[in-house]
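J.: fold the following for me, if possible:
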Amino acid sequence: MTLAFAIFASFPAHLTAQASKVKRKVVISVQPDYPYILRNAHFEGQVKLEATVQPSGNVTKVDIKGGNPMLSQYAQQAVLRWKYAAGPAQTLEEVVFTFNSNSADTK
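T.: A predicted model of the protein is given here:
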């Protein structure tokens, strides 16, 4: 028990705080474009992204983690325009868009 406390106590507080995954609130969200030609051709599916969010709430980078490559670029461009609530540190936020012929939804 003492050894475990000693190991834990040796890590800086900011490292242990970032270990917990708390989703930041989205203040401004932009829906992705879903071009008519892709919608009409029934290019559908989910796109999974990981957004790098600065303490200010600005998104500085969006990595594509999976999904239809024809739709990924539109999802990525939209999330780059998002704004999150300010926070104490940079975070990584997961974003999932579902494209279907009727709409483009986000979770």
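J.: can you pull the contacts of Glu94?
T.: By CB atoms under 8 Å, 6 or more residues apart in numbering, Glu94 lies in contact with 48-51, 65. For the C-beta atoms, the positions are set from N, CA and C on the backbone; glycine is no exception.
J.: quick check: which element contains it?
T.: Glu94 belongs to strand 91-100 when elements are defined using DSSP states H and E.
J.: that strand pairs with which strands, parallel or anti?
T.: Sheet neighbours of strand 91-100, with direction, are listed as strand 45-53 (antiparallel), strand 103-106 (antiparallel) (DSSP bridges).
J.: from the chain's centre, how far out does the longest one sit?
T.: Read that as strand 45-53. Relative to its chain's centre, strand 45-53 lies at 5 Å (CA atoms, centre = their mean, to the nearest Å).
J.: could you do stretch 74-93 as well?
T.: That offset, for stretch 74-93, works out to 6 Å (CA atoms, centre = their mean).
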